[in-house]
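> Give the three-dimensional model of this entry:
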Amino acid sequence: MSTIQVQLCGLVFDLLLIDFILKHESVGLFSEKIFKQCVVVYTACITLDILSCIAIVNSDKIPASVVIASCKTYLISLELSTYYAFLYTYHDIKHLREDSNFGYSILITVLVGALITALLPVSYYYDGTELYSYGPATKATYIIAPAFIIATLLITFLQGKQMNAHRKNAVRYWMLIEIVAAAIQFIFPGVLLVGFGSAIGIYILYSQLENPDIYLDRTTGCFSMETFSLYIRQEYELVKNFSAIIVCNDREWKMGDEGTKRTLLEMTNFLNSFGDSKLFRLSGNDFALIYDKKEKDMNEIESAVNLDVIRERFKDSWTNINNTKFLYVPDGHIASTTEEFVAVYQRNRDKFEIGADSRTLEFDSVERIREYNGMIIEINDALNQDRIEVYYQPIYSIAADKFVSAEALARIKTKDGQIMMPGKFIPVAEESGLIEQLGQRVFEKTCKCIKECGLKEKGIEYLEVNLSVAQCENPMLSTKYQDIMKEIEITPDDINLEITESSTLNQRNVLLKNMNDLMNLGCNFSLDDFGTGESNLNYIVDMPVKIVKFDRSMVLDYFRSERAKVVMKATVNMIKELGLKMVAEGVETEEQMQGIKDLGIDYIQGFYYSKPLPQDEFLRFLEVRN
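Numbering: from 1, shown residues only. Purely as a prediction, here's the structure:
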């Protein structure tokens, strides 16, 4: 029986693999299920191979029909194992084929092949040392099994770009081992390597892709963020009902390494006690519990009850952890894709009403995400199709009694010719990072307006252009803007750049370097929106600005509140003593205009004189008013 020693080694491999798999919790991914089926089928195949060898060796003691049946059963299991290899690989790209009948046609093919093998005759040979089966049934298997192996390999080459790279390479090695083992056994029938080759191939898959440990977070032992994405994607593909509780721990959570790990493990053990859910560790120290019973109502009831228990536990324990919040998703199908679901979580994890520790996410949460994504597309299209418009709001000089400047403001012209106001797209541009491209485009167009429209002859001394926080923190800002001014051929003193006080400014040193570099070229700076919630007098002291722009809200308060009037007068006197100029924004009435003049402010900007105007209207305005 030394001829089956190699198969026995393969069988040991497979049995050890089954033992490892059974000892680990399964997340329930479809690829996991197919792999487990593969392991079972391949283990059955190698077992049947061994049994058929035993039957052939003992053919003088048992009925010939039993020997033949054992040989045919092994051959059919061999065909079935290659079918499962194809099925495992096909799963990675099945979303590319809308026709569900394809899967059924492949299944019918393997069943027909099994039937043919069962009906065809088979013979066997044993001379005391060497044994094998042969005949039409064996030849059929050597046609059907290689066909599935070739089809599996073709998937990895024809659709390789759509596959997980590790899965693609592992499957190729797996099939190569199968081919080599089958070829050796075909040439030397007495060398039984097919079963052992299959076991090695399965082990490669396990080590590269299907080891349950790869789905786990190393610190906590629960499922990882990557596994969460895979699992949610499967929930949507299978149109399953699910609910979710997301535990959002404070981003500022700071402990020592050991303290953090201990607390995370305590949280994991507690959250894992809700046995009807699956626990995932998300980004940072957040957790998600997913409930996916068949009955939607049961998911909602159970998750809602658990949420109350979890909230109470987090209040009573882990006192060194503050500000833990909870997102509750009663119906996971508020989103339609994994990306949408993750985006809803990430955009809402920090948006809670004051005093609230939980928030329920409904369909409107996803609508806002879709609007946000749609706006990103609109901004990108506008940049690519040159639909960014620049409007100019004139600024009146009280001393010169004319309009000496204007603020450049971004607008988007939609595809149907409508003008989109900045309140709709600027916040999205800032959050998505597109504000830098947008700001640079406005700067370029403003420079071209200065160059091409003869603004000096029309009384305009300079134009003001806003800088976003992201632009201020870009070390290349001064170099980029210098290159643009050189290319368009304008002098830097034609430009005044507006910066806004912001608590989100993280790299103050970069901003100061950019300001100094541009001021050395000849540009000047304004402090915009002074008087808003972010207002800080230190900005006026620290920043090398020449103009301070009072926000519209501060101007309105001056005319509505005696206390605000006192503060405004004191601030104006202080700024005058610093030698800085001032602009009052948002002036809309003659009373306001006269009051600002009496206050001693230098410039007025607002609807009293003009709303923001497109370039052609702005030029006509100057010709008439200046």
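> Three-state assignment for the most centrally placed residue in the chain, please.
By CA atoms, centre = their mean, the chain has its centre lying nearest to Glu339, at 6.0 Å. Counting by DSSP: H, G, I helix; E, B strand; the rest coil, the backbone at Glu339 sits in helix.
> what stretches of the stretch 501-626 of the chain score poorly on pLDDT?
502-506, 532-538 (pLDDT under 70).
> which stretches of it form strands?
Shown for the stretch 501-626 of the chain, the strands assigned by DSSP state E, counting those that start in this stretch span residues 524-530, 547-550, 581-584, 603-605, 613-614.
> got a list of contacts for the shortest one?
Contacts of strand 613-614 from elsewhere in the structure, counted by CB atoms under 8 Å, 6 or more residues apart in numbering, are 389, 391-394, 621. From N, CA and C alone the C-beta is placed, and that goes for glycine too.
> one more time with 10 Å
Strand 613-614 is touched from outside by 389-394, 406, 409, 411, 413, 419, 619-622, with contacts defined as CB atoms under 10 Å, 6 or more residues apart in numbering.
> Just the buried subset of those residues, please.
Buried residues within the contacts of strand 613-614, defined by neighbour count using 16 or more other CB atoms under 10 Å: 389-394, 406, 409, 411, 413, 619, 621-622.
> Max pairwise distance over these: which two?
Largest separation among the buried ones among the contacts of strand 613-614 by CB to CB: Lys413 and Leu622, giving 22.5 Å.
> hmm, back to that, looking at the strands of the stretch 501-626 of the chain, which is nearest to Ala44?
strand 524-530 (73.1 Å).
> CA atoms only: put the closest one into PDB for me.
Extracted in PDB, the C-alpha atoms of strand 524-530 (Å, rounded to 0.1, in the frame of the first residue of the first chain):
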ATOM      1  CA  ASN A 524      -0.800  92.900   0.000                       C
ATOM      2  CA  PHE A 525      -3.100  91.000   2.400                       C
ATOM      3  CA  SER A 526      -6.500  91.600   4.000                       C
ATOM      4  CA  LEU A 527      -8.000  90.000   7.100                       C
ATOM      5  CA  ASP A 528     -11.500  88.900   5.900                       C
ATOM      6  CA  ASP A 529     -14.600  88.400   8.000                       C
ATOM      7  CA  PHE A 530     -13.400  90.100  11.100                       C
END
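> mind listing what the closest residue in space to Glu226 that isn't next to it in sequence touches?
Distances taken as CB to CB, 6 or more residues apart in numbering put Tyr215 closest to Glu226, at 8.0 Å, once the chain neighbours are dropped. Each residue near Tyr215 by CB under 10 Å, 6+ apart is listed here: 24-27, 29, 32, 222-224, 226-228, 230-231, 280.
> Now with 7 Å, please.
When contacts are counted by CB atoms under 7 Å, 6 or more residues apart in numbering, Tyr215 touches 27, 223-224, 227.
> just Thr446 next, same as before
390, 408, 463, 465.
> cool, Met568 as well?
554, 558.
> Relative to Gly595, how far out is it?
10 Å (CB to CB, to the nearest Å).
> mind checking how far the closest residue to Asn516 other than its chain neighbours is from Met519?
With sequence-adjacent residues excluded and distances taken as CB to CB, 6+ apart, Asn516 is closest to Pro544, at 7.0 Å. From Pro544 across to Met519, the span is 6 Å (CB to CB).
> Looking only at neighbour counts, state which of these two leads.
Taking neighbours as other CB atoms under 10 Å, Pro544 and Met519 compare with Met519 leading, 17 against 10.
> Could you give the average pLDDT over the host helix or strand of Val344?
Element membership of Val344, judged by DSSP states H and E, is helix 338-348. Averaging pLDDT along helix 338-348 gives 92.
> and what of stretch 414-422?
For stretch 414-422, mean pLDDT rounds to 93.
> That one: end-to-end distance?
Start-to-end span of stretch 414-422 (CA to CA, to the nearest Å) is 13 Å.
> what's stretch 352-361 in contact with?
Under CB under 7 Å, 6+ apart, the answer for stretch 352-361 is 311, 325-330, 334, 344, 348.
> most neighbours, which of the residues you listed?
Highest neighbour count within the contacts of stretch 352-361, by other CB under 10 Å: Val329, with 27 neighbours.
> and the residue nearest to it when sequence neighbours are not counted, what does it touch?
Spatially, and ignoring its direct neighbours in sequence, Val329 is nearest to Ala244 (4.1 Å; CB to CB, 6+ apart). Contacts for Ala244 (CB under 7 Å, 6+ apart) come out as 288-290, 329, 332.
> what about Ala244, helix or strand, and which?
Assigned by DSSP H and E, Ala244 falls in strand 243-248.
> and Phe525, what does it touch?
Contacts here follow CB under 7 Å, 6+ apart; on that basis Phe525 touches 496-497, 499, 515, 519, 544-546.
> Let me know the closest of those residues to Val57.
When the contacts of Phe525 are compared against Val57 (criterion: CB to CB), the nearest one is Ile499, at 88.7 Å.
> before we move on, back to that, TSV please, covering the strands of the stretch 501-626 of the chain and showing distance to Glu252.
Formatted as TSV, those follow (distance: least, CB to CB, whole Å):
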stretch	distance to Glu252
strand 524-530	27
strand 547-550	33
strand 581-584	38
strand 603-605	39
strand 613-614	46
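> OK, contacts around Phe403?
394-396, 459, 622, 625-626.
> just Asp276 next, same as before
291, 302.
> now swap in Arg441 and tell me
Arg441 is in contact with 383, 388, counting by CB under 7 Å, 6+ apart.
> The same query, at a cut-off of 10 Å, please.
With CB under 10 Å, 6+ apart, Arg441 has these contacts: 382-383, 386, 388, 390, 410.
> tell me the secondary structure for it?
Secondary structure assignment for Arg441 (three-state DSSP): helix.
> moving C-terminal of the helix or strand containing Lys72, what's the next helix or strand?
Lys72 is located in helix 64-90, with elements delineated by DSSP H and E. Of the helices and strands lying after helix 64-90 in sequence (DSSP H and E), the nearest is helix 101-119.
> and that next one, which residues are buried?
Those would be 106, 109-110, 113-114, 116-117, for helix 101-119 by 16+ other CB under 10 Å.
> Summarise which helices and strands that helix is packed against.
Helix 101-119 is packed against helix 64-90, helix 136-158, with contacts defined by 3 or more CB pairs under 10 Å, 6 or more residues apart in numbering; DSSP states H and E.
> pLDDT of that helix, averaged?
Mean per-residue pLDDT for helix 101-119: 87.
> Ala85: what's it in contact with?
Applying CB under 10 Å, 6+ apart to Ala85 gives the contacts 34, 38, 41-42, 145, 148-149, 151-153, 171, 174-175, 178, 198, 201-202, 205.
> Narrow these to just the buried residues.
Among the contacts of Ala85, those classed as buried by 16+ other CB under 10 Å are 34, 38, 41-42, 145, 148-149, 151-153, 171, 174-175, 178, 198, 201-202, 205.
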